[in-house]
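**Q** Build me a structure from this.
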Amino acid sequence: GGSYMSKSKIGTIEAIALILSTLAPFTVISLSRTFINETKSSALLNIIYVTSICLFIGFLIYTLFKKFPGLDIIDISKYLGGSIFKNIVGFIFIAYFTITSSLLLRNFCEGLKVIYYPYTNILYIILMFIIAIGISNSLGFNSTIKTTALIFPIILLSILLLFVGNLNNFSFQKIFPILGDGFKSTFILGLSNIGSFAGISYMYFLPPLLKEPEKFKKICILSIILSGLFIFICVATLLFMFSVYISTDEIMPLFSVSRYIEFGNFFQRFESLFLLIWTISFCCYLSISFKFSTYIFAKMFNLADSSQLIYIFCILTYGIALLPKNYAISSFFEIYIYRFLSIAIIVLGLAILILSNLKSYKKVGD
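**A** Next up is the predicted model:
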């Protein structure tokens with residue numbers, strides 16, 4: 001089956017960057033705002049809490065995979081429920097990767113349109129991204145992964161700059177009351193923020209792709225800690241900067257923050273550089289999402305070569321990105337539906353792993 005992907009094994013740092021790649025687009029557009037609107041002043045406490053739960057999930061995934069060295073979630077689904085079940089699971093993952101990345105792309109392009117291209121039809125802005133991804137995916141997975149590993153430290157740096165550059169605009173008393181709207185909104189309703197760690201869904205495909213499979217535990221743990229840190233810095237910047245409630249029509253709130261930064265005369269137009277970095281990282285995220293979709297598809301139907309699939313997925317993504325009639329609809333998807341889809345996918349993966357482990361114990365017992 002999809003041998004082309006296993007030819008290009010990925011290193012530990014690349015794997016971590018890959019998991020983190022889902023964060024950049026989501027955080028930049030809506031994530032930080034959603035956190036604050038839902039948990040108010042307890043947003044930072046909520047992030048620490050949710051990160052700890054995700055750390056446990058990451059550790060659990062690593063532990064459950066130990067029984068199945070060198071396999072990914074699709075192989076394990078076949079072990080658990082045969083070929084038909086394997087294909088159903090494959091289609092669910094493909095649908096998840098394709099639909100979420102298409103609609104996040106739509107939102108990102110809507111933001112670009114408002115900021116830079118008010119007179120350009122959204123069709124063309126989205127098309128530029130689709131062409132870029134088509135090209136980058138035909139160059140091979142390794143180039144995407146290397147770019148991602150390069151760009152992620154730069155994104156982290158840009159977010160740190162946002163934080164440090166705005167220190168004099170901050171009012172730190174925004175974190176009081178520490179529990180925000182109370183225990184329930186912080187710790188119970190706030191559980192939906194587990195969906196912000198959408199990169200966990202990539203972990204289910206990593207084991208066969210790693211140069212050093214023995215580092216899988218390290219990858220799971222580190223990528224979740226870094227994800228938590230990343231979200232923490234973004235949310236803290238917004239929380240200390242603005243009022244407790246950020247209006248929902250504010251497109252890309254982090255971009256607005258970057259406009260306040262002035263490091264002397266040189267850095268006054270920091271936000272354009274900022275947006276460029278984020279646009280590149282968005283392309284990386286889309287390419288990875290694409291790659292996983294084509295990889296799963298090739299695996300389901302035992303295709304030796306999946307390069308032809310790229311164009312089909314390009315057209316599919318373009319179609320889905322154009323589906324919402326307007327920004328309000330695609331933005332509703334991102335704020336209210338995306339996280340729950342991500343949680344469902346994480347739970348599905350865990351369920352398959354747990355049941356397969358039980359099945360293998362039973363076999364041993366027999």
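**Q** any idea how far Thr22 is from the closest residue to Ile343 other than its chain neighbours?
**A** For Ile343, ignoring the flanking residues on the chain, the nearest one in space by Cβ to Cβ, 6 or more residues apart in numbering is Gly195 at 4.6 Å. Every residue, glycine included, has its C-beta placed from N, CA and C. With the distance defined as Cβ to Cβ, to the nearest Å, Gly195 ends up 11 Å from Thr22.
**Q** When the two are compared, which one has more neighbours?
**A** Thr22 (25 against 22; other Cβ atoms under 10 Å).
**Q** What separation do you get for the more buried one and Lys215?
**A** 20 Å.
**Q** Kindly report the same for Ser136.
**A** Per Cβ to Cβ, Ser136 is found 26 Å from Lys215.
**Q** between these two, who's got more neighbours?
**A** Ser136 (20 against 16).
**Q** which non-adjacent residue is nearest Pro69?
**A** Pro213 (6.7 Å).
**Q** From Ile145, how far off is the one you found?
**A** For Pro213 relative to Ile145 (Cβ to Cβ), the value is 16 Å.
**Q** more neighbours, the two?
**A** Ile145 (24 against 15).
**Q** Just to check, the more buried one is in contact with Ala17?
**A** Yes: with contact defined as Cβ atoms under 8 Å, Ile145 counts as touching Ala17 (7.4 Å).
**Q** quick one: the strands in the stretch 51-200 of the chain?
**A** Taking DSSP state E, counting those that start in this stretch, the stretch 51-200 of the chain contains no strands at all.
**Q** show me where pLDDT drops low in it?
**A** By pLDDT under 70, the stretch 51-200 of the chain has no low-scoring segment.
**Q** now with 80?
**A** Within the stretch 51-200 of the chain, the ranges that satisfy pLDDT under 80 run 140-141, 169-181, 183.
**Q** That one: helices as residue ranges?
**A** With DSSP state H, counting those that start in this stretch as the criterion, the stretch 51-200 of the chain has helices at 73-115, 122-138, 141-165, 183, 200-203.
**Q** Beyond the last one, next helix or strand please.
**A** Per DSSP states H and E, the first helix or strand lying C-terminal to helix 200-203 is helix 216-241.
**Q** Buried residues of that next one, list them for me.
**A** In terms of neighbour count (16 or more other Cβ atoms under 10 Å), helix 216-241 has its buried residues at 216, 219-220, 222-224, 226-228, 230-241.
**Q** show me what contacts Ser138?
**A** Ser307, Ile310 (Cβ atoms under 8 Å, 6 or more residues apart in numbering).
**Q** one more time with 10 Å, if that's ok
**A** By Cβ atoms under 10 Å, 6 or more residues apart in numbering, the contact set of Ser138 is Ser307, Ile310, Tyr311.
**Q** and the gap between it and Ile310?
**A** If you go by Cβ to Cβ, the gap between Ser138 and Ile310 works out to 6 Å.
**Q** Who are the contact partners of the closest residue to Leu189 other than its chain neighbours?
**A** Nearest residue to Leu189, sequence neighbours excluded (Cβ to Cβ, 6+ apart): Glu38, at 6.9 Å. Contact analysis of Glu38 by Cβ under 10 Å, 6+ apart lists Asn46, Gly180, Asp181, Ser185, Thr186, Leu189, Gly190, Ser192, Asn193, Ile335.
**Q** Make TSV out of these and add neighbour count and distance to Asp75.
**A** TSV is the format used below for the contacts of Glu38 (neighbours: other Cβ atoms under 10 Å; distance: Cβ to Cβ, whole Å):
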residue	neighbour count	distance to Asp75
Asn46	24	36
Gly180	22	43
Asp181	15	44
Ser185	16	40
Thr186	22	39
Leu189	14	36
Gly190	23	35
Ser192	16	30
Asn193	25	31
Ile335	18	35
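**Q** Gly81: which of those residues is nearest?
**A** Nearest to Gly81 among the contacts of Glu38, counting by Cβ to Cβ, is Ser192 at 28.8 Å.
**Q** Without its sequence neighbours, what residue ends up closest to that closest one?
**A** Per Cβ to Cβ, 6+ apart, closest to Ser192 is Arg339, 5.5 Å.
**Q** What degree of burial does the one you found show, as a neighbour count?
**A** 21.
**Q** gap between it and Gly182?
**A** Following Cβ to Cβ, the distance that separates Arg339 from Gly182 is 21 Å.
**Q** by how many degrees do the one helix or strand Thr294 maps to and helix 122-138 diverge?
**A** Per DSSP H and E: Thr294 is located in helix 270-300. Helix 270-300 runs at 60 degrees relative to helix 122-138, counting by axes from the mean of the first three to the mean of the last three Cα atoms, to 10 degrees.
**Q** Tell me the helix or strand right after helix 270-300.
**A** Toward the C-terminus, helix 270-300 is succeeded by helix 309-322 as the next helix or strand (DSSP H and E).
**Q** buried sites along that next one?
**A** Neighbour-count burial for helix 309-322 [16+ other Cβ under 10 Å]: Leu309, Ile310, Phe313, Cys314, Leu316, Thr317, Tyr318, Ile320, Ala321.
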